[in-house]
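[1] predicted model follows, preceded by the sequence.
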Amino acid sequence: MNDKNYGDELVSKKKVLLVEDEVITASSLKMGLEELGFDVCPLATRGDKAVSIALDQKPDVVLMDVNLPGGMNGIETAQKILNEINTQILFLTGYHDDDVIARIMALDPLGYFVKPISAERIKEALDGKL
């Protein structure tokens, strides 16, 4: 976590890793999260890159898209990250399929959102949980 001094107050910024392959969605969420005071790690668009960034940056929470290009989907990527570091996962998905939701919930995440989603809704979901 990054700590910032604001007058006499020490404010801790929560570090977020955003894993999203849709550029417009990713850019919008990144900008919104930064405006809301989060420290956003470099964007990951693929599972292997997400694992690498997570191990290096040690985020407080990972916002994970379920559908990723390449060899690993978001659920597999989240499992690899959770095997290596202590963090929280909040899934972002375009699917509302019972099988996908069951696989998401098996990882005991903070939850999941069906896209589209705003940075404000994500902040509301994270408040008090990190």
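    Perfect, I can see it now.
[2] only C-alpha atoms for contact and neighbour calcs from this point on.
    OK.
[3] give me the most central residue, the protein.
    L63 (1.5 Å; C-alpha atoms, centre = their mean).
[4] quickly list what that one is bridged to.
    Applying DSSP bridges to L63 yields these beta-bridge partners: L18, L90.
[5] what strand or helix carries G32?
    helix 23-35 (DSSP states H and E).
[6] buried residues in that helix, which are they?
    For helix 23-35, the neighbour count (16 or more other C-alpha atoms under 10 Å) marks 26, 29-30, 32-33 as buried.
[7] next one: stretch 52-59
    Residues of stretch 52-59 classed as buried: 53-54, 58-59 (neighbour count, 16+ other C-alpha under 10 Å).
[8] among those, which are in helices?
    53-54 (DSSP state H).
[9] how about the buried residues of stretch 52-59 in a markdown table, adding distance to L110 and pLDDT?
    Listed next are those as a markdown table, based on distance: C-alpha to C-alpha, whole Å; pLDDT from 0 to 100:
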| residue | distance to L110 | pLDDT |
| --- | --- | --- |
| I53 | 20 | 98 |
| A54 | 17 | 98 |
| K58 | 17 | 98 |
| P59 | 14 | 98 |
